[in-house]
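In: mind folding the following:
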Amino acid sequence: MSRRKNTAQEKLRKQYPLYIEIGLTLALAVLIFTFRIDMTSDDDFEIVMPEQEQIEMEEILQTDQVEVPPPPPKPPVPIEVPNDEVLEDEALNLDASLDLDAPVESAPPPPPPEEEEEEEETEPEIFVIVEQMPELQGGLTSIQSKIKYPEIARKAGVEGRVIVQ
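Out: Model (predicted):
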């Protein structure tokens with residue numbers, strides 16, 4: 001009996017693509033038929049809609065916003081300071097006269113320019129390629145012995161690379 005079941009299942013598995021094609025073709029035919037049906041009727045059936053209220057829209061013009069600067073801050077209130085000094089009236093000479101025929105005093109002329117030295121300071125020339133490369137005095141170990149690594153950085157695990165030229 002189980003052998004009959006297996007053969008029936010195998011037969012269905014082989015024909016599965018055929019059944020899918022037939023199903024899709026039938027579904028397509030039903031859709032085409034439903035879209036082709038003429039739904040218009042010959043009856044003089046009219047739908048009467050009640051008249052709706054019409055609303056008129058007014059055009060709103062955008063106004064320009066004028067930025068007004070803020071008013072200046074209020075001046076501080078003056079505080080009266082007791083002062084026992086009496087100011088004396090000073091006589092001011094307000095009789096100033098202008099003599100148009102007097103010679104005009106001009107500002108002194110500018111100082112003469114300093115003599116330029118013939119030996120102008122020039123920047124030292126930097127050699128990029130040299131015949132003999134420089135060497136450290138005492139080697140790399142002398143530099144490594146003088147490095148003091150901060151204790152806080154050591155505890156925090158801070159590491160990095162320093163490039164010296």
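
In: low pLDDT regions in this structure?
Out: The model of the chain has pLDDT under 70 over residues 1-5, 41-43, 85-89, 92-96, 115-121, 165.

In: residue nearest the centroid of it?
Out: Glu67 (26.1 Å; C-alpha atoms, centre = their mean).

In: against Leu61, how distant is that one?
Out: Distance from Glu67 to Leu61, counting by C-beta to C-beta, to the nearest Å: 19 Å. For glycine as for every other residue, the C-beta is placed from the backbone atoms N, C-alpha and C.

In: and for Ile47?
Out: With distances taken as C-beta to C-beta, Ile47 is found 41 Å from Leu61.

In: what of Thr40?
Out: For Thr40 relative to Leu61 (C-beta to C-beta), the value is 48 Å.

In: do the same with Val30
Out: Relative to Leu61, Val30 is positioned 57 Å away (C-beta to C-beta).

In: Gln52 too?
Out: Relative to Leu61, and taking C-beta to C-beta, Gln52 is found at 28 Å.

In: same question, Ile129
Out: 75 Å.

In: also Gln15?
Out: On the measure of C-beta to C-beta, Gln15 and Leu61 end up 74 Å apart.
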